[in-house]
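In: turn this into a structure:
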Amino acid sequence: QLQLVESGGGLVQPGGSLRLACVASDTLEHYGVGWFRQAPGEEREGVSCLTTRGITYYPDSVKGRFTVSKDAGTNTVYLQMNSLKPEDTGVYYCAAVDRRNAETAYVCWEPDEYDYWGHGAQVTVSP
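Out: As a prediction, this is how the structure comes out:
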């Protein structure tokens, strides 16, 4: 059972930056990974994902400001967030999906595609 632990959340002013980290309990070599956020009263939405082939995805709302990366040596996935806006506020979750025996493509920005989830990290963007 893969375990994921997020860190790096906090309070930041608009225009500021944060870097979230997600440490996995095992190698992520065969896992697609994603970052999702959930604001109060809102559905969980994908803000980035990284497939096993190294393909990344970002919705328009964060494109050019957020960057996902992976350090295979430490089983860690990062989400660098720059030029933060108040609407970026929410709980940020990392997630992983085992792709070793996958026979079909998956929609990496859809939460239902993922098998493993971290507990989340609060990000608050406020003056």
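In: who does the residue nearest to the spatial centre of the chain bridge with?
Out: By Cα atoms, centre = their mean, the chain has its centre lying nearest to Trp35, at 1.6 Å. Assessed by DSSP bridges, Trp35 has beta-bridge partners Ser48, Cys94.
In: spit out the contact partners of it.
Out: Residues near Trp35 by Cβ atoms under 8 Å, 6 or more residues apart in numbering: 20, 22, 46-49, 66, 68, 77, 79, 92-95. For glycine as for every other residue, the C-beta is placed from the backbone atoms N, C-alpha and C.
In: put the buried members of those into a PyMOL selection.
Out: Applying 16 or more other Cβ atoms under 10 Å to those, the buried members can be selected in PyMOL as follows:
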select buried, resi 20+22+46+47+48+49+66+68+77+79+92+93+94+95
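In: coming back round to it: measure the residue nearest to the centre of the chain to Asn101 for me?
Out: For Trp35, the distance to Asn101 equals 24 Å [Cβ to Cβ, to the nearest Å].
In: got it, and His30?
Out: Taken as Cβ to Cβ, the span from His30 to Asn101 is 9 Å.
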